[in-house]
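>>> Quick one: sequence plus predicted model below, questions after.
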2 protein chains.
Amino acid sequence: MTLPSTYADRNCSLARALEVVGERWTLLIVRDAFFGVRRFGDFATQLKIPRAVLADRLKLLVREGVLSREEGPAVEYRLTPKGVELWPVVRAMMTWGDAFYSPGGAPRSIRHDHDGGLLDPGGRCERCGEPVPVAETRVEPGPGFDAADEGHDPVSDAINTPRRLLDPIG
Amino acid sequence: MTLPSTYADRNCSLARALEVVGERWTLLIVRDAFFGVRRFGDFATQLKIPRAVLADRLKLLVREGVLSREEGPAVEYRLTPKGVELWPVVRAMMTWGDAFYSPGGAPRSIRHDHDGGLLDPGGRCERCGEPVPVAETRVEPGPGFDAADEGHDPVSDAINTPRRLLDPIG
DNA sequence: CGTGCTGGTTCGGTGACTGAACCACAACGT
DNA sequence: ACGTTGTGGTTCAGTCACCGAACCAGCACG
């Protein structure tokens, strides 16, 4: 954490992880990165996060090696291998949110791109039974998707079309 | 979240989950509950969290049905079935912390109580290959455990002895 | 040589977190 | 009857982080 006093419990990996991805907004930024968002402005409009906070979080994530900052014709933030390893965390939390806060079903379905099978709680494809690596994972609007969210901005619309994880939007 | 402005992204289960368990300290409280902590004072001393914040978080978690507040001879906070479903989230984050912030190995090992097999990233027992339910999960100090943490307080010591999840301390 | 786009920074106001002190109640001892 | 201890909190002043809006610098394009 950026906070002067960090979590005291030095013997728990959870506390150490939370110091990196435990602050408000951080995990949502990582999630958007999985969904193909790479640009500062796109994170800002999609998450409606104050730009100062976004700048802080991106700096922290780059410093911690979760994202890399690529200066091309435009600046791009991409998940590093260390960042990609956060997928089980993001997926576990989405699964829990689906189970208890989405009475109409998951707003987003996560599937094995090769055979279209849904992922089970353990992260395996229910069709072929294999663990599904991030690069073979597809996300698409699920049964609980609220169509009222469409058309507000191009970034959200891009995210809401079926796509493989990490594929850039646009 | 308690914050007046919640996360805007209504179509993501991650955002909804973070409004419940995304605040500072909340997930550490849940972790301690898995490790058998049940009393207000024990949470406070183990986590060194300000008591006002602890009271707030416990209220929120009870209101959201993650913990139940049992008034016996002493007040006890216990994980509900909904709270127990957070185990994959806690485990995923501990796994990530282990991988990138514990050069000496995991400070805590998570095993299948029946056969002593370690858990793989997907939550299955590496020995018998089966998914390990929470009640059959044992936690014990791992290769990266820092013994300097011992003897500070009885609650930490209780947590650091091998034990099954959810078994009360003391 | 203006105009817009992008990737930020600055700044005042608000609200959350911190740490320490305080409080109410119950059990226990003497 | 009365103090003591333990437990589960609440109160409070100070600090720090977050919020939203405005501003700014560099660059590309016409």
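Done, it's in.
>>> Quick check: A:Pro141 touching A:Asn160?
Yes. With contacts defined as C-beta atoms under 8 Å, A:Pro141 counts as touching A:Asn160 at a distance of 5.7 Å. For glycine as for every other residue, the C-beta is placed from the backbone atoms N, C-alpha and C.
>>> hey, where'd the strands end up in chain A?
A:67-71, A:75-79, A:108-112, A:137-141, A:163-164 (DSSP state E).
>>> Need the winner for burial among the ones you listed.
Comparing the strands of chain A by mean neighbour count (mean count of other C-beta atoms under 10 Å in any protein chain shown), strand A:108-112 ranks first with a mean of 21.
>>> so what's the nearest residue to A:Val30 once chain neighbours are set aside up against?
Using C-beta to C-beta, 6 or more residues apart in numbering or on different chains and skipping residues adjacent in sequence, the residue nearest A:Val30 is A:Leu86, 5.6 Å away. Residues near A:Leu86 by C-beta atoms under 8 Å, 6 or more residues apart in numbering or on different chains: A:21, A:30, A:66, A:79, B:96.
>>> likewise A:Cys125?
Taking C-beta under 8 Å, 6+ apart, we find A:Cys125 in contact with A:112, A:114-115, A:117-119, A:131-132.
>>> Pick out whichever of those sits closest to chain B.
Distances from chain B to these, taken as C-beta to the nearest C-beta, are shortest for A:Pro131 (5.9 Å).
>>> ok, the contacts of A:Leu86 vs DNA strand D, which is closest?
A:Val21 (12.3 Å; C-beta to the nearest atom of the strand).
>>> Show the pLDDT at that closest one.
As predicted, A:Val21 sits at a pLDDT of 97.
>>> burial of it, as a residue count?
22 (other C-beta atoms under 10 Å in any protein chain shown).
>>> Check the gap between it and A:Leu67 for me.
11 Å (C-beta to C-beta, to the nearest Å).
>>> And for A:Leu54?
For A:Leu54, the distance to A:Leu67 equals 12 Å [C-beta to C-beta].
>>> same deal with A:Arg38?
Distance from A:Arg38 to A:Leu67, counting by C-beta to C-beta: 9 Å.
>>> try A:Glu23
For A:Glu23, the distance to A:Leu67 - C-beta to C-beta - is 14 Å.
>>> can you check A:Asp157 too?
From A:Asp157 to A:Leu67 the distance is 23 Å (C-beta to C-beta).
>>> and A:Glu70, what is it in contact with?
Contacts of A:Glu70 (C-beta under 8 Å, 6+ apart): A:76-78.
>>> distance between the ends of stretch A:110-129?
15 Å (C-alpha to C-alpha, to the nearest Å).
>>> Up against DNA strand C, what does chain A have?
A:3, A:5, A:39-42, A:51-52, A:55, A:58, A:69, A:74-76 (C-beta under 7 Å from any atom of the strand).
>>> Now, of those, which are buried?
By neighbour count, with 16 or more other C-beta atoms under 10 Å in any protein chain shown, the residues of chain A next to DNA strand C hold A:39-40, A:42, A:58, A:76 as buried.
>>> follow-up on the earlier one: including pLDDT and distance to DNA strand D, could the contacts of A:Cys125 go into a markdown table?
A markdown table is the format used below for these (pLDDT from 0 to 100; distance: C-beta to the nearest atom of the strand, whole Å):
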| residue | pLDDT | distance to DNA strand D |
| --- | --- | --- |
| A:His112 | 98 | 35 |
| A:His114 | 96 | 39 |
| A:Asp115 | 95 | 40 |
| A:Gly117 | 97 | 37 |
| A:Leu118 | 97 | 33 |
| A:Leu119 | 97 | 31 |
| A:Pro131 | 96 | 34 |
| A:Val132 | 97 | 33 |
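>>> Among those, name the ones in helices.
Residues of the contacts of A:Cys125 located in helices (DSSP state H): none.
>>> Please enumerate residues in contact with the least confident helix or strand in chain A by mean pLDDT?
Here the helix or strand of chain A ranked lowest by mean pLDDT, DSSP states H and E is helix A:154-159, holding a mean of 88. Outside helix A:154-159, the residues that touch it by C-beta under 8 Å, 6+ apart are A:32, A:35-37, A:42, A:45-46, A:149-151, A:169-170.
>>> contact partners of stretch A:45-58?
With C-beta under 8 Å, 6+ apart as the test, stretch A:45-58 has contacts from A:2, A:23-26, A:28-29, A:32, A:37, A:40, A:43-44, A:67, A:69, A:77, A:153, A:155-156, A:159, B:7-9.
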